[in-house]
Every structure is written in C-alpha cells, then in structure tokens.
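1. Compute the structure for the input listed below.
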Amino acid sequence: MRRGEVRARQCLAELAERAAGTWEARDFLDDDGITDDPVPVRVRVTVTPEAFVADFTGSSPQVRGTINCTWPSTVCTVRNIFIALADPHFPANEGFFRPVRVIAPEGTVFNARRPAPVSTYWESMSFVEDLIWQALAGRAPHRLTAGHYLSVCAAGIGGVDDRTGEPFYMLEPMAGGWGAGADTDGESALICSGDGETYTVPVEVAETRHPVRVRRFALHPEGGGAGTFRGGLGLVREYELLNSEGFVSAHFGRFRFPPWGVAGGRPGTPNRVEVYPAGAPEPAVRAGKLSRHPLRRGDLVRLITGSGGGWGDPSGRSPERIREDLRAGYLTHEQARRLYGRTEGVSRDAAAARSPG
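-> The predicted model follows:
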C-alpha cells in the first residue's frame with residue numbers, strides 16, 4: 001500500500017508540472033430513455049502535487065430513466081482515468097488511490113439515491129471518465145486522446161424462432177472509433193473504455209444460432225473527426241431478420257452529442273440505430289434508444305458506431321496521410337475536399353474503387 005501511494009504521488013507531481021490548476025468540462029447525456037430532454041453533467045478537476053480531486057457538483061439530479069450511476073461505480077471510474085493519467089502499467093492497489101478524492105452529491109445522476117433505476121448505469125458511468133478526460137486531454141497529451149464513441153452501444157434482437165418454436169435473443173456491444181492523439185490517428189473498431197468483458201457476436205455464430213443474416217459488417221467511413229490527426233473509424237453492422245417477426249432493443253449513447261475534438265480537431269460522428277422495413281431504401285426509424293421495437297421478416301437493422309474526435313486543425317494534416325486514407329477507402333474525394341481542402345496524390349478512379357458503396 002505504501003509503495004502504491006509513493007508511486008501515485010510521484011506521478012501526480014509529474015502531472016502537476018503539466019496540468020496544475022482547476023479544469024472544467026461540461027457535456028450532456030442524450031436523454032434518460034423516458035423523456036427527450038438532455039441530461040447535463042459537469043466536472044471540476046483540481047490537480048496539485050498532493051491531490052487529484054474530481055468534483056461533479058452541478059450535474060443533473062437523478063433521473064426517471066435507468067441511466068443513473070451509483071457511488072461505487074463513480075469512484076471506480078475516476079480511479080480508472082487516474083491510472084491512465086498517472087501510470088497505466090503500475091499494479092495499482094488501494095494505496096495508489098490515496099491522493100484521489102471524489103465529490104458527487106447524493107441524489108444526482110452520478111450518486112443516485114435508492115430507489116433510483118440504475119440498470120443501464122454504464123451510460124452515465126462512462127461520462128464520469130469522459131468528463132475528466134475532456135477537461136485534461138489538452139493538458140496531458142502524452143496520456144490522453146480526443147473523445148471516443150464512448151457508449152457500450154448494446155443491441156439485442158429477439159423473438160420466437162420459427163424453425164424451433166423456441167425463444168431466441170442475441171445481445172452484444174459494438175466497437176467504435178477512438179479519438180486522435182497529439183501525434184497519431186485514432187484507433188478504429190475498439191470496444192469503449194467502460195467495457196472490456198463483453199464481445200461482439202461472430203457473424204458465423206449469429207447466423208447459425210439465430211434467424212438472422214448479417215448483410216454487412218465493416219468499418220464505416222463518414223469523414224468525422226477530421227484533424228491534423230483524425231479520429232478512428234466506427235463500425236456498421238446490418239442484420240436482416242429471417243423470422244416472421246421479432247424485435248430489437250438498443251441503447252446507443254452519444255446519438256445527439258458526438259465525440260469531442262482537441263486543439264481545433266473536429267467532432268466525431270454519432271452512434272445510431274436505423275431500422276429499414278423490408279425492401280425500403282430509407283429507414284423508418286433512426287434513434288439512439290429502442291425498446292422492443294417490432295420487426296417483420298426482411299426488415300433490416302443497421303447498427304452504426306461513431307468515429308472518434310480529431311486532434312489539431314484539419315488544415316495541418318499532411319498530404320501523405322490524406323493519400324493513405326484515400327487509398328485505403330477511409331476517405332472519399334468529396335470528403336477530402338470538404339474536410340481538408342485537397343485530394344493530392346490519388347486519381348479519382350483509384351480512390352473511388354476503394355471507397356465504400
């Protein structure tokens with residue numbers, strides 16, 4: 001314990017050389033799942049050589065929906081971002097967190113009082129980390145990136161299987177885009193920071209066990225997160241229902257408020273769920289949350305995760321990186337012109353051949 005505390009204080013003194021002071025961040029959860037009202041959240045982070053204080057005073061009171069977070073989850077998540085800032089490789093113990101102090105008034109979305117509903121607590125819990133991350137990213141570029149897609153993006157398709165007469169339910173998270181760093185592009189198709197113990201369902205398993213067909217599972221270039229270094233790409237996954245009927249439930253945060261950029265980097269793109277009736281060219285539903293939305297045979301569910309935020313002014317992106325993105329199909333000529341003002345080095349035909357259809 002003593003060794004952990006000594007190491008934490010060493011790291012905190014080093015962090016204070018870069019980021020001593022009090023830093024604030026404000027953001028919004030999309031809604032609580034019952035009303036459409038955004039849920040405001042905020043943090044004031046104070047960094048000194050002796051202490052790391054995260055104060056969430058001023059965040060929304062607890063809400064009627066299930067997104068409320070409990071005190072242990074809030075404390076755990078503050079500790080997680082402290083590890084990332086201090087020493088990600090140290091075998092942390094309780095002593096390592098002695099310099100950390102958390103303030104979250106009882107009865108708020110980050111410290112809900114019984115009997116508040118908390119079954120999807122991870123949505124607000126993720127913002128505990130993201131707010132501190134946002135407040136300090138520009139002051140600790142050696143440790144933190146721009147914002148990432150953040151949400152677990154949990155989606156489930158279920159019903160009664162026509163083939164067997166048995167109930168089925170397929171539940172999975174979605175990976176997405178992480179933010180750019182001060183000297184590197186963001187990572188694509190990684191699970192969010194608050195997850196890690198759950199996995200996407202392999203295509204072959206989904207199609208074998210359940211009455212669905214996976215029409216598409218790919219990176220999803222949308223041109224979001226432009227910057228000197230761009231955000232990583234999210235994913236698109238499409239399920240066609242082969243059953244006579246079924247339903248889809250989903251909880252995709254950051255549907256209305258996309259990942260943030262740093263130092264002039266552009267925001268990423270939002271997470272979302274789209275439902276296309278059989279054969280329809282346009283979605284009948286585009287939302288962040290769905291609860292047992294009915295499906296019929298041939299309906300298509302499209303799950304989309306966002307790209308991460310960018311770092312630095314897009315005008316500073318090197319021609320070489322733009323060419324690489326065009327060749328790889330991560331960027332179209334139209335996006336290159338709109339976001340970066342140029343399309344050097346690759347012919348239109350070559351780029352179009354690699355761009356997503």
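
2. Which SSE is immediately downstream of the helix ranked longest in the chain?
-> If you go by DSSP state H, the chain has its longest helix at helix 2-19. Per DSSP states H and E, the first helix or strand lying C-terminal to helix 2-19 is strand 21-29.

3. What are the buried residues along that next one?
-> Using 16 or more other C-beta atoms under 10 Å as the test for burial, strand 21-29 gives W23, A25, D27, F28, L29. The way it works is simple: take the backbone N, C-alpha and C, and place the C-beta from them, glycine included.

4. quick one: strands adjacent to it?
-> strand 39-47 (antiparallel) (DSSP bridges).

5. For the strand it pairs with, the averaged confidence score.
-> Average pLDDT, strand 39-47: 98.

6. In that strand, which residues are buried?
-> V39, V41, R42, V43, R44, V45, V47.

7. and the second one, what does it touch?
-> This points to V41. R26, D27, F28, L29, F56, S59, S60, V109, F110, S124, F127, L131 (C-beta atoms under 8 Å, 6 or more residues apart in numbering).

8. hang on, the second one packs against Q134?
-> Yes - D27 sits in contact with Q134 when judged by C-beta atoms under 8 Å, with a separation of 6.9 Å.

9. Any chance of TSV for the buried residues of strand 39-47, columns distance to G147?
-> Supplementary listing: those in TSV, determined by distance: C-beta to C-beta, whole Å:
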residue	distance to G147
V39	17
V41	14
R42	16
V43	14
R44	19
V45	16
V47	20
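
10. closest to R237 among these?
-> V39 (27.1 Å; C-beta to C-beta).

11. Need the overlap of contacts for D27 and Q134.
-> Listed as contacting both D27 and Q134 by C-beta under 8 Å, 6+ apart are W260.

12. Any stretches of the protein with poor pLDDT?
-> Residues of the chain meeting the criterion pLDDT under 70: 342-357.

13. Now do the SS call for I157.
-> Here I157 is recorded as strand under DSSP: H, G, I helix; E, B strand; the rest coil.

14. show me the contacts for the nearest residue to M174 once chain neighbours are set aside.
-> Setting aside the residues directly before and after it, M174 is nearest to C153 in space (C-beta to C-beta, 6 or more residues apart in numbering), at 3.9 Å. If a contact means C-beta under 8 Å, 6+ apart, then C153 has P173, M174, G176, C192, A250, H251, F252, G253, N271, L303, T305 as its contacts.

15. do the same with Y239
-> Per C-beta under 8 Å, 6+ apart, neighbours of Y239: I157, A206, V212, R213, V214, R215, L300, V301, L303.

16. what's the helix or strand for R323?
-> Using DSSP H and E, the element containing R323 is helix 319-328.

17. Output the contacting helices and strands for that helix.
-> helix 333-340, helix 348-354 (3 or more C-beta pairs under 8 Å, 6 or more residues apart in numbering; DSSP states H and E).

18. List the buried residues for the longest one?
-> Pointing back at helix 333-340 there. Under 16+ other C-beta under 10 Å, the buried positions of helix 333-340 are H333, Q335, A336, L339, Y340.

19. Packing partners of it?
-> Helix 333-340 packs on helix 319-328, helix 348-354, going by 3+ C-beta pairs under 8 Å, 6+ apart.

20. Go again with 7 Å.
-> Identification of packing neighbours for helix 333-340 by 3 or more C-beta pairs under 7 Å, 6 or more residues apart in numbering; DSSP states H and E yields helix 319-328.

21. Could you check how far the helix it packs on is from the centre of its chain?
-> Relative to the chain's own centre, helix 319-328 is displaced by 25 Å; criterion: C-alpha atoms, centre = their mean, to the nearest Å.

22. go on, stretch 252-271?
-> Distance, centroid of stretch 252-271 to centroid of chain: 9 Å (C-alpha atoms, centre = their mean).

23. got the buried residues for that stretch?
-> 252-255, 257-263, 265-271.

24. same thing with stretch 289-297?
-> K289, L290, H293, L295.

25. Looking at the residues you listed, spot the one nearest L144.
-> Comparing those against L144 with C-beta to C-beta places K289 closest, at 28.3 Å.

26. ok, now which ones touch the closest one?
-> G33, A250, H251, F252 (C-beta atoms under 7 Å, 6 or more residues apart in numbering).

27. so which strand or helix has the second one?
-> Using DSSP H and E, A250 maps to strand 245-251.

28. Parallel or antiparallel, which strands does that strand pair with?
-> Paired strands of strand 245-251, with direction, are strand 154-160 (antiparallel), strand 289-296 (antiparallel) (DSSP bridges).

29. Tabulate those (CSV), appending distance to T200.
-> Listed next are those as CSV, based on distance: least, C-beta to C-beta, whole Å:
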stretch, distance to T200
strand 154-160, 10
strand 289-296, 18
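
30. Looking at the ones you listed, which is nearest to W71?
-> Using C-beta to C-beta, the strands paired with strand 245-251 put strand 154-160 closest to W71, at 23.0 Å.

31. Could you list the buried residues of the closest one?
-> A154, A155, I157, G158, G159.

32. ok, R26 - contacts?
-> P40, R42.

33. Good, we can wrap up now.
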